[in-house]
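Chemist: quick one: sequence plus predicted model below, questions after.
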Amino acid sequence: MIGWPVKHSRSPLIHNYWIQRHGLAAEYRREEVPPEAFAEFVTHLSAHGYVGANVTIPHKEAALALSEPDDRARAVGAANTLWIDGNRLCSTNTDVEGFTANLDTVVPGWDSGADDAVVLGAGGSARAVIYGLIERGYRRIHVVNRTAERAQALRMRFGHAVEPAHWSALPHLLSRAGLLVNTTSLGMRGQPPLSVDLAPLPQEAVVADLVYVPLQTALLQAARQRGLATADGLGMLLHQAVRGFQLWFGVRPEVTAELRALVEADLLKPEE
Ligand code: NAP
């Protein structure tokens, strides 16, 4: 994992668990690389001893520009996974499948209605979520964001399925939504709370939160209290890691209950 900073990344825990399970002679490491050194580092990944890498803040856009991105990374506008194919440095964005695969696992059939979804937020992770929802055939994706221009920009990027809306429209939008997704950082430890009244949501609606610190966000708790199906941010984090591992090592790893428990325990540790 290449980042700046990178100390809090849980990716080493996930990938080293799979490396051990599959008996591979490999190691997944953190690399703290400042922006000015990033280009040299990724364009010489194998010289640094690597078959590939994950990339996080603030390098995701630079990673896209320095590699050959697939359709997902290009559409999302950011790459989080790099691998070497011959002498090409390739990239993808695995947040898209992290989001959809997690929902497929915890709420099978979640996309069967696929009409209206409400997405809170319009940042980097919203782009991955929206791309995934369009792939799954959602017809209207209502994007509600503090900064209206950013939601508008997503309509320019992804087309007319994206419908920017104001927070004040939420009760009406939720009343016909099959899915609500929080992609803002609200509700994350150290950030302001997210307050949304879930009462208007239909009983069959699904609520997903990308935030995973804390694991049980107030949004997910409120959804469960209402008896709604939920998908949490840790599930997405685990599922997004699958494809990178497969690209680097040629084996498709499994998101097991044991792995989830391992990362949960780490998330519950007091901060250093
Ligand atoms: P980002 O690009 O910085 O976007 C942040 C979003 O949150 C923007 O829409 C921003 O609105 C909104 N926001 C922030 N503070 C706000 C406030 N006080 N009031 C209203 N809106 C506010 O971040 P990101 O990369 O999309 O990540 C967002 C969250 O998703 C983070 O908590 C991250 O940890 C989580 N995440 C989880 C996964 C996973 O695998 N589970 C993957 C990616 C991200 P403005 O546009 O108005 O600033």
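Modeler: Here it is on my side, so go on.
Chemist: which stretches of the chain form helices?
Modeler: For the chain, the helices defined by DSSP state H occupy 11-21, 35-43, 60-65, 71-76, 95-106, 124-135, 148-158, 170-174, 218-225, 233-249, 257-268.
Chemist: dump those to CSV, plus mean pLDDT and distance to Arg189.
Modeler: Bear in mind the C-beta positions are built from the backbone N, C-alpha and C, glycine included. Below are the helices of the chain laid out as CSV (pLDDT from 0 to 100; distance: least, CB to CB, whole Å):
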stretch, mean pLDDT, distance to Arg189
helix 11-21, 98, 18
helix 35-43, 97, 26
helix 60-65, 96, 22
helix 71-76, 95, 26
helix 95-106, 98, 20
helix 124-135, 96, 17
helix 148-158, 97, 24
helix 170-174, 98, 24
helix 218-225, 98, 12
helix 233-249, 98, 12
helix 257-268, 96, 10
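Chemist: pipe those into a markdown table and attach distance to the ligand and mean neighbour count per row.
Modeler: Converted to a markdown table, the helices of the chain look like this (distance: least, CB to the nearest ligand atom, whole Å; neighbours: other CB atoms under 10 Å):
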| stretch | distance to the ligand | mean neighbour count |
| --- | --- | --- |
| helix 11-21 | 10 | 18 |
| helix 35-43 | 17 | 14 |
| helix 60-65 | 9 | 18 |
| helix 71-76 | 11 | 20 |
| helix 95-106 | 5 | 22 |
| helix 124-135 | 3 | 23 |
| helix 148-158 | 4 | 15 |
| helix 170-174 | 13 | 17 |
| helix 218-225 | 12 | 17 |
| helix 233-249 | 4 | 22 |
| helix 257-268 | 11 | 13 |
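Chemist: out of those helices, which is closest to Ile84?
Modeler: helix 233-249 (8.9 Å; CB to CB).
Chemist: so for Asn182, which of the helices of the chain sits nearest?
Modeler: helix 218-225 (5.6 Å).
Chemist: now the helices of the chain in JSON lines, with distance to Val196?
Modeler: Output for the helices of the chain, formatted as JSON lines (distance: least, CB to CB, whole Å):
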{"stretch": "helix 11-21", "distance to Val196": "30"}
{"stretch": "helix 35-43", "distance to Val196": "35"}
{"stretch": "helix 60-65", "distance to Val196": "27"}
{"stretch": "helix 71-76", "distance to Val196": "25"}
{"stretch": "helix 95-106", "distance to Val196": "19"}
{"stretch": "helix 124-135", "distance to Val196": "15"}
{"stretch": "helix 148-158", "distance to Val196": "16"}
{"stretch": "helix 170-174", "distance to Val196": "6"}
{"stretch": "helix 218-225", "distance to Val196": "7"}
{"stretch": "helix 233-249", "distance to Val196": "16"}
{"stretch": "helix 257-268", "distance to Val196": "23"}
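Chemist: OK, contacts around the residue nearest the centre of the chain?
Modeler: Centrality entry for the chain: nearest residue to the mean C-alpha point is Asp95, 3.7 Å, by CA atoms, centre = their mean. Asp95 sits next to Val76, Asn80, Ser125, Ala128, Val129, Met236, Gln240 when contact means CB atoms under 8 Å, 6 or more residues apart in numbering.
Chemist: ok, now Asn182?
Modeler: Leu120, Gly121, Leu194, Ala208, Asp209, Leu210, Val211, Thr217, Leu219.
Chemist: would you check that Gly137 makes contact with Trp110?
Modeler: No: using CB atoms under 8 Å as the test, Gly137 is too far from Trp110 to be in contact (11.9 Å).
Chemist: quick one, which of those two is more surrounded?
Modeler: Trp110 (22 against 12; other CB atoms under 10 Å).
Chemist: distance check, the more buried one against Gly49.
Modeler: 40 Å (CB to CB, to the nearest Å).
Chemist: what is the burial count for the residue of the chain found nearest the ligand?
Modeler: For the chain, the residue closest to the ligand is Gly123, as judged by CB to the nearest ligand atom, at 2.0 Å. If you count neighbours by other CB under 10 Å, Gly123 ends up with 14.
Chemist: likewise Val162?
Modeler: Val162 has 24 nearby residues by other CB under 10 Å.
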